[in-house]
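[1] this is a predicted model, with the sequence first.
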Amino acid sequence: MMMAADGWYTFTGRDGEVIPRNATRVRIDVSLTVIPANAFYMNPSIEEVECHVDVKTVEGSAFFCCLSLRRVIMPGVEVVKKEAFHFCEALTYVECDKLERIGFGAFFDCKSLRIIKLPSAKIVGWAFTGCTALTNVEFGKEMESIGGKAFYRCTSLERITIPLKDGIITENNTFKKFIPANAFYMNPSIEEVECHVDVKTVEGSAFFCCLSLRRVIMPGVEVVKKEAFHFCEALTYVECDKLERIGFGAFFDCKSLRIIKLPSAKIVGWAFTGCTALTNVEFGKEMESIEEKAFYRCTSLERITIPLKDGIITENNTFKKCENLKHVDLVGGGGVHETIAALLLEGWKNDMDREINSINQSLPTTPAGDDFNDAGGKALAIRMWIRSVLRKIIHYKAQHQSFLNEAATTLQHTLPRDIMVNNVLPFLELPSYTFEVGDHEEE
């Protein structure tokens, strides 16, 4: 078929048809009701496709990886099959007023598609996965179902319009948002990454060896998996206010990272190993555990802030080769300082203050271990210190309560009961924090 005077090429689908290299706009011939499988497979030139109203089906991979395709008009199409528009990265506009069924991965990685209106349709799994520019999806009242991961990694999706039907969303992962494994693996160029608040997970090796990456903002991320930022040597700043779990080697050898604040987290082994510029780590009061060699070879690490919890440091090699680790602070809000301030006797308070400060007297001279079997003593010293502080505070709480009980017995003979109950005893009561050592617990 020859090119028309208006610049449109008419596609007939006949055997042996060769589409001209300069064809950028394509009309489907009136003789066709189906666009055949692989019809325009990896065509680098076409930018627009226009179907007449009697075209009902787009077969599998019909426009697979048509990287220049921007606009598709298919007013009568009812079925778009598997991977029909897969990797059409420039596609911004699709008109499909009659669409009833969208096949597996039909619009997978159409990264420029922003808005789509779907009248009555069954959407099979992975249909719009990776449509990272998609912000708005409007379904019609006859919508039947939306399959698993249909909108997986649609990281810009803000709004959906759906009918009120039980079971229309068939899987819990339909709108799940996370950065997939190996997404930017060894990308040499990216310098900054900014996630919106609904991105919850960074999968394994997502940014592995991104040597130019300097800054990461991920305000809603809860999980960073294995080696997600491994070897990001230029990374200096990470914002992660919701982080709950850091996987094995997640920030291994991030040699420019200096300060990190971790709110509530479980840190798996080797998470920050080799972060040689890291000087300060601040954990939140809900921190659960710091595991094997999490900060191994963090040779500039000077200060950590941790909650007072027995068992929070699980291994004696957690701070191996951290020669400069000299200061341990207790995180605010854990009740330690409030409880000490409320103790009745000044001697008790002074003894607790000495115990809390003792770690910063001994830690500078505590061995950090070597590259062989010597784990060093810093992690062990901190573990033993935590246990000692907990035992003392539990002891003084018991002493305080005993003293209070004796005072109450004495005062009840000299003061009216209502004054005792409402004014005196509440003033002397300790804050209601719980401190634990192993399986032992006292109020």
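    Alright, I've got the coordinates.

[2] when you work out contacts or count neighbours from here on, use the C-alpha atoms and nothing else.
    Will do.

[3] so which elements touch the longest helix seen in the chain?
    The longest helix of the chain (DSSP state H) is helix 378-411. If you count contacts as 3 or more C-alpha pairs under 8 Å, 6 or more residues apart in numbering; DSSP states H and E, helix 378-411 packs onto helix 346-362, helix 425-428, strand 435-437.

[4] tell me the most buried of the ones you listed?
    strand 435-437 (a mean of 19; mean count of other C-alpha atoms under 10 Å).

[5] buried residues in stretch 392-405?
    Ile393, Ile394, Tyr396, Lys397, Gln399, His400, Gln401, Leu404 (16 or more other C-alpha atoms under 10 Å).

[6] which of those residues lies closest to Asn324?
    Checking these against Asn324 by C-alpha to C-alpha gives Ile393 as the nearest, at 28.7 Å.

[7] poorly predicted segments of the stretch 251-400 of the chain, please.
    333-334 (pLDDT under 70).

[8] what ranges do the strands span in it?
    259-262, 266-267, 280-283, 289-290, 303-306, 327-330 (DSSP state E, counting those that start in this stretch).

[9] list the contacts of the last one.
    Read that as strand 327-330. Contacts of strand 327-330 with the rest of the structure, by C-alpha atoms under 8 Å, 6 or more residues apart in numbering, involve Glu302, Arg303, Ile304, Thr305, Ile306, Pro307, Leu308, Ile359, Asn360, Leu363, Pro364.

[10] just the CA atoms of it, as CSV, please.
    The C-alpha coordinates for strand 327-330 follow below in CSV (Å, rounded to 0.1, in the frame of the first residue of the first chain):
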residue,chain,number,x,y,z
HIS,A,327,30.0,7.9,72.7
VAL,A,328,26.6,6.3,73.4
ASP,A,329,23.6,8.4,74.1
LEU,A,330,20.1,7.2,75.2
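
[11] parallel or antiparallel, which strands does it pair with?
    Under the criterion DSSP bridges, strand 327-330 sits next to strand 303-306 (parallel) in its sheet.

[12] residues touching the residue lying closest to Glu191 once chain neighbours are set aside, list them.
    Closest residue to Glu191 apart from its sequence neighbours, by C-alpha to C-alpha, 6 or more residues apart in numbering: Leu213 at 3.9 Å. With contact taken as C-alpha under 8 Å, 6+ apart, Leu213 is in contact with Ser189, Ile190, Glu191, Glu192, Val193, Cys232, Glu233, Ala234, Leu235.

[13] quick revisit: from the chain's centre, how far out does the longest helix of the chain sit?
    Mean C-alpha position of helix 378-411 versus that of the full chain (C-alpha atoms, centre = their mean, to the nearest Å) differs by 39 Å.

[14] now the angle from it to helix 346-362?
    180 degrees (axes from the mean of the first three to the mean of the last three C-alpha atoms, to 10 degrees).

[15] pull out the buried positions in stretch 260-280.
    Residues of stretch 260-280 classed as buried: 260-280 (neighbour count, 16+ other C-alpha under 10 Å).

[16] gap between Cys154 and Gly147?
    14 Å (C-alpha to C-alpha, to the nearest Å).

[17] neighbour-wise, which of these two wins?
    Cys154 (25 against 21; other C-alpha atoms under 10 Å).

[18] surely that one meets Thr132?
    Yes. Between Cys154 and Thr132 there is a contact under C-alpha atoms under 8 Å: 4.7 Å.

[19] give me the beta-bridge partners of the closest residue to Gly167 other than its chain neighbours?
    In space, Gly167 comes closest to Ser145 once its chain neighbours are excluded; the distance is 7.2 Å by C-alpha to C-alpha, 6+ apart. Applying DSSP bridges to Ser145 gives these bridge partners: Lys122.

[20] in contact with Ser145, which residues?
    Ala121, Lys122, Ile123, Gly167, Ile168, Ile169, Thr170.

[21] filter those residues to the buried ones?
    Ala121, Lys122, Ile123, Ile168, Ile169, Thr170.

[22] in a markdown table: the residues you listed, plus pLDDT.
    Formatted as a markdown table, the buried ones among the contacts of Ser145 follow (pLDDT from 0 to 100):
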| residue | pLDDT |
| --- | --- |
| Ala121 | 76 |
| Lys122 | 89 |
| Ile123 | 91 |
| Ile168 | 78 |
| Ile169 | 79 |
| Thr170 | 74 |
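
[23] give me the number of residues near the closest residue to Arg114 other than its chain neighbours?
    Leaving out its chain neighbours, the residue that sits closest to Arg114 by C-alpha to C-alpha, 6+ apart is Leu134, at 3.9 Å. Per other C-alpha under 10 Å, the neighbour tally for Leu134 reads 24.

[24] same deal with Ile306?
    If you count neighbours by other C-alpha under 10 Å, Ile306 ends up with 22.

[25] in this structure it contacts Glu286, no?
    No. Assessed by C-alpha under 8 Å, Ile306 is found out of contact with Glu286, at 9.5 Å.

[26] and the gap between Ile123 and Cys96?
    Ile123 sits 14 Å away from Cys96, going by C-alpha to C-alpha.

[27] again but with Thr273, I slipped
    Distance from Thr273 to Cys96, by C-alpha to C-alpha: 52 Å.

[28] cool, and Ala294?
    53 Å.

[29] out of these two, which sits in the more crowded spot?
    The residue with more neighbours, out of Ala294 and Cys96, is Ala294; 29 against 20, by other C-alpha under 10 Å.

[30] what's Val193 sitting at in phi/psi?
    Main-chain torsions, Val193, degrees, to the nearest 10: phi -130, psi 130.

[31] ok, what's across the strand from it?
    Assessed by DSSP bridges, Val193 has beta-bridge partners Val216.
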